[in-house]
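Trainee: quick one, what's the 3D model for this:
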Amino acid sequence: MSLFKARDWWSTILGEKEEFDQGCLCVADVDNSGNGQDKIIVGSYMGYLRIFNPHPVKPGDGVQPEDLLLEVQLREPILQVEVGKFVSGTEGLHLAVLHCRKLCVYAVSGTLGNVEHGNQYQIKLMYEHNLQRTACNMTYGPFGGVKGRDLICIQSMDGMLMLFEQESYAFGRFLPGFLLPGPLTYSSRTDSFITVSSCRQVESYKYQVLAFATDANERQETEQQKLSSGKRLAVDWVLNIGEQALDICVVSFNQAVSSVFVLGERNFFCLKDNGQIRFMKKLDYSPSCFIPYCSVKEGTINTLVGNHSKMLNVYQDVTLKWATQLPHVPVSVKVANLQDLKGVIVTLSDDGHLQCSYLGTDPSLFQAPRVDSREINYEEFDAEMKKLQKIIKEATKTQDIFPKSEKHRDLIVTAEVSPDLDAESQAIDSEVKAEAVPSVTVKITIQSRVTAQKPNLAVCVQAPLAVTCDQFVFDDLEPDSSETVVLSVFLKGNCSPSELEGNCVVSYNTPTGVPKVAQCNFRLPLRLICFPAQPSKAANHKLTIDTNKPPISFLTIFPDFVDPSEDDQANVLGFQFLTGSKTTLLASKTSQRYRIQSDQLEDLWLITKELTLRLEEHFKKQNCKDFACTFSGSIPLQEYFELIDRHFELRLNAEKFQDLLSERAVQFRAIERRLLTRFKDKTPAPLQHLDTLLEGTFREVIALADAAEENQANMFQAFTKLKSATHLVIMLISLWQKLSTDQVAILEATFLPLAEDTQELGWEETVDAAISYLLRTCLSKSSKEQALTLSSQLCMPKDTSRLKKNITVFCDRLAKGGRLSLSTDSATQQAAVMPGGCTTIPESDLEERTVIPGSTATFPNHGQITKQKSKP
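Mentor: Numbers count the residues shown, from 1 in each chain. Okay, the predicted model is just below:
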């Protein structure tokens, strides 16, 4: 709060619910009275034009009826009002009113009254210009050095300067590189227009250059049009100020040089005529408006700057001379001569608070009242203190935003997956070509210990899985209340998912307004995407998982897939996916190994994961804490690289389709323009097969769009398969190198950084950057590799050779003893762990044979993934 308030000389409120802005206020002797007293002209966005001549009896009086000289409602919003010599044949002042699509010039005149009602004022329309473009703002002045009259320049919303020589339209020019309109003013000293472009730079254009530049009947875009004819519009000078501008003023007083003042968002600048900075002032507030005016000190200029803190600051060049408090936030400020009082500050707010004020102080007459002496009741104070402490303690509890333990959480969400599939499938619009697409019911319960306001539940599963309803909105939950919803999950896309997990997220607000989130995960059954089938005798891809415990019968760990009456399923089990592929699981009778085999590499993932999870749960129930799975085979990198190449090939196809679609669309629009020109021509001309060409181009666009859509669907399936294979590779690496939980998390963040794959940011470049970072830091072999700099910009590579090489080097360094870590000193420690001559873990050639019923397949001792073709 400022000690010095603006002294209210006269004020009023304009209308009801009207809006005003920077150009809506103007002060001038608009009625040409000749007494040197200014009138206040105000226009509003509601179309009201008002002219005031304040005559307060004493400072601070409100508006009197005779203060309002004129009030008229125009039909369109008023963007700006200016007063100048706008009518030919006379040097009298006239009022210019800018509307969105119209410029009107009025003459304001008064008639002496013969009765007590006083003088009567009216406006007369001298001329108007209908604008072809939507106006933004305007400026005026003696363009070209004309004498005794003012010309008007209007800036449109699309960057065109329209110049009017009073009653006639002169010409129009487009500003180069235009994006959004900025403030505009005219400098008579240099005969140039000055504005601030969207590039955040002050630009000056000579009037003569505008007059001789190419005519702007139509906006020119192409290079051919730019070089065709006429003179290009060139800027006189440019100054980069690095911020958007709110207003520009050109001042030229007798004792001061001509200056250009620019009010920015955080600074205001004073420039010379040639664009050089005279001085600038950094503001520690957000300004709203300003106006320079004449200073009493020679060689300096005073500036009034209003801000959004309802303050009006007075600067002499860069020195703050005065600060005063206003009752409103000004959007426009002027200095006027009213009733023989020079230098009255006129301010206007956006809601119509018009005030005339002056600077000064009033003595404070406030005196502090005497304090009554009374005895202190300590018992009463103690009781009140305990009560307040209790309230503070309760408020602290409800406003705590740190996570709490499960027992003490304000809201708990749980998800219960039905152990059996739905008797009647709830699958909707599934693309799976199987005879029946099963679904499983998920029951979600929300329990609230406190009042939960506006709770929203979102259920997420990874595509191609889908839910029957994924969004739920509840009424406010009372303390110790609960809500339950039931939904079904099913396979919608025609490919196997990479994860069988879902997530529930509940967002809500506490009574104190603190937003909170509660979530839980749930695991979907394997039966949702596959069903029991006959085991395959041969497969292209095989892997072996070693354990440190005797093999468990599938009757125990896969009771939902094994028929108890068939004893031959105790050691071998077949899984038929809904998408058509098949996977076989075998358990060794004499060794502690399990084999998973399939024709597709990605199909091994879910079965392998399900096997390890069920084995861990089985031994956990038996209180066996030392159970572990290992993998001692080779990582299937070549098969993995084939999936990477397939996905990358589809990304390249998507880019080609996009380019072709763009070319055909440009061709289609060009043919349309030519046809439209022919149809508009008054003299009919032959179409020259343009209609046939248009139809053929349209068919090509439709065919390309269909092909691009099909490629997009194929790319989604390829990315899902790639994620499944990536999960498998991560699991095999973690079992192979016995990685810790933190190291597995680093591995997952490296190979699975994206939930969705897009053309702008794809899987290949993201994973390549992550692996390159690990090879340069924790897996580096020397300080030379650590000094290499990585590119900070991710872009789609030309091929996948670099990515495949980095993945191979990554696995090789892990095999030689490298360990994953994100600590800064890990590379120094790694140099001692990774000698250059280390070899990979040797593999045994011993094999034992386990026979599948009706098959001749063998079960190797260590799980190398090999490609085998069944013999005819």
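
Trainee: so where's the longest helix in the chain?
Mentor: The helix that spans the most residues within the chain, counting by DSSP state H, is helix 690-737.

Trainee: show me what that helix is packed up against.
Mentor: helix 604-621, strand 629-630, helix 637-680, helix 741-751, helix 801-815 (3 or more CB pairs under 8 Å, 6 or more residues apart in numbering; DSSP states H and E). For every residue, glycine as well, the C-beta is placed using N, CA and C.

Trainee: which residues does the shortest one contact?
Mentor: Looking back up the chat, that one is strand 629-630. I545, D546, T547, N548, T612, L615, L735, W736, K738 (CB atoms under 8 Å, 6 or more residues apart in numbering).

Trainee: also the fourth one?
Mentor: Outside of helix 741-751, the residues that reach it under the criterion CB under 8 Å, 6+ apart are 726, 729-730, 733-734, 739, 767, 770-771, 774, 819-822.

Trainee: where does pLDDT dip in the stretch 51-200 of the chain?
Mentor: 60-62, 113-118 (pLDDT under 70).

Trainee: going by residue numbers, what spans are strands in it?
Mentor: 61-62, 68-73, 80-84, 94-98, 102-111, 120-130, 135-141, 151-156, 160-165, 168-174, 184-187, 192-196 (DSSP state E, counting those that start in this stretch).

Trainee: where along the stretch 201-350 of the chain do the helices fall?
Mentor: 207-212, 223-226 (DSSP state H, counting those that start in this stretch).

Trainee: rank the ones you listed by pLDDT, which is bottom?
Mentor: Note on these: lowest mean pLDDT is at helix 223-226, with a mean of 41.

Trainee: D768 reaches L803, doesn't it?
Mentor: Yes - counting by CB atoms under 8 Å, L803 is a contact partner of D768 at 4.5 Å.

Trainee: which neighbours do those two have in common?
Mentor: Common neighbours of D768 and L803 (CB under 8 Å, 6+ apart) are P797.

Trainee: not counting residues beside it along the chain, what's closest to L528?
Mentor: Excluding the flanking residues, the one nearest L528 by CB to CB, 6 or more residues apart in numbering is V440, at 5.3 Å.

Trainee: give me the element that neighbour is part of.
Mentor: strand 439-448 (DSSP states H and E).

Trainee: direction included, what does that strand pair against?
Mentor: strand 411-421 (antiparallel), strand 481-491 (antiparallel) (DSSP bridges).

Trainee: among these, single out whichever gets nearest to L794.
Mentor: strand 481-491 (32.6 Å; CB to CB).

Trainee: show me what whichever helix or strand comes after the closest one is packed against.
Mentor: Counting by DSSP H and E, the element after strand 481-491 in chain order, helix or strand, is strand 501-509. Under the contact definition 3+ CB pairs under 8 Å, 6+ apart, strand 501-509 sits against strand 411-421, strand 439-448, strand 453-461, strand 515-523.

Trainee: at 7 Å instead, please
Mentor: strand 411-421, strand 453-461, strand 515-523 (3 or more CB pairs under 7 Å, 6 or more residues apart in numbering; DSSP states H and E).

Trainee: related to what we said a few turns ago, filter the contacts of strand 629-630 down to the buried ones, ChimeraX style.
Mentor: The buried residues among the contacts of strand 629-630 can be selected in ChimeraX (16 or more other CB atoms under 10 Å) with this line:
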select :545,546,547,612,615,735,736
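
Trainee: can I get the contacts of strand 629-630 in a markdown table with pLDDT and distance to C289?
Mentor: Shown next, in a markdown table, are those (pLDDT from 0 to 100; distance: CB to CB, whole Å):
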| residue | pLDDT | distance to C289 |
| --- | --- | --- |
| I545 | 89 | 75 |
| D546 | 89 | 78 |
| T547 | 89 | 78 |
| N548 | 87 | 79 |
| T612 | 90 | 70 |
| L615 | 89 | 74 |
| L735 | 89 | 70 |
| W736 | 88 | 70 |
| K738 | 87 | 70 |
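
Trainee: tell me which of the contacts of strand 629-630 is nearest to I51?
Mentor: Among the contacts of strand 629-630, and counting by CB to CB, the member closest to I51 is T612, at 85.7 Å.

Trainee: residues near L320, how many?
Mentor: 11 (other CB atoms under 10 Å).

Trainee: got the contact list for the residue nearest to L528?
Mentor: When contacts are counted by CB atoms under 7 Å, 6 or more residues apart in numbering, V440 is found next to V417, S418, L421, D422, S488, V489, L524, P525, L528.

Trainee: surely the third one touches P438?
Mentor: To tie it back to what came earlier, the one meant is L421. Yes - here L421 reaches P438: they are 4.5 Å apart, a contact under CB atoms under 7 Å.

Trainee: of these two, give the one with the bigger neighbour count.
Mentor: P438 (21 against 18).

Trainee: tell me who's in contact with that one.
Mentor: So P438 contacts L421, D422, S425, F490, R527, L528 (CB under 7 Å, 6+ apart).

Trainee: what about the residue nearest the centre of the chain, which helix or strand?
Mentor: Closest to where the C-alpha atoms of the chain average out (CA atoms, centre = their mean) is E760, at 15.3 Å. Here E760 sits in a region with no helix or strand, counting by DSSP H and E.

Trainee: picking up where we left off before, between the helices and strands packed on helix 690-737, which one is nearest to Q712?
Mentor: Proximity to Q712 (CB to CB) singles out helix 637-680 among the helices and strands packed on helix 690-737, at 6.7 Å.

Trainee: ok and the closest one relative to helix 690-737, angle-wise?
Mentor: Between helix 637-680 and helix 690-737, the angle comes out at 160 degrees (axes from the mean of the first three to the mean of the last three CA atoms, to 10 degrees).

Trainee: elements contacting helix 637-680?
Mentor: Counting by 3+ CB pairs under 7 Å, 6+ apart, helix 637-680 packs on helix 690-737, helix 801-815.

Trainee: mind redoing it with 10 Å?
Mentor: Here helix 637-680 touches helix 690-737, helix 763-776, helix 801-815, going by 3 or more CB pairs under 10 Å, 6 or more residues apart in numbering; DSSP states H and E.

Trainee: just send these back as JSON lines, with distance to E478 too.
Mentor: Output for the helices and strands packed on helix 637-680, formatted as JSON lines (distance: least, CB to CB, whole Å):
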{"stretch": "helix 690-737", "distance to E478": "42"}
{"stretch": "helix 763-776", "distance to E478": "46"}
{"stretch": "helix 801-815", "distance to E478": "54"}
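
Trainee: all good on my end, thank you.
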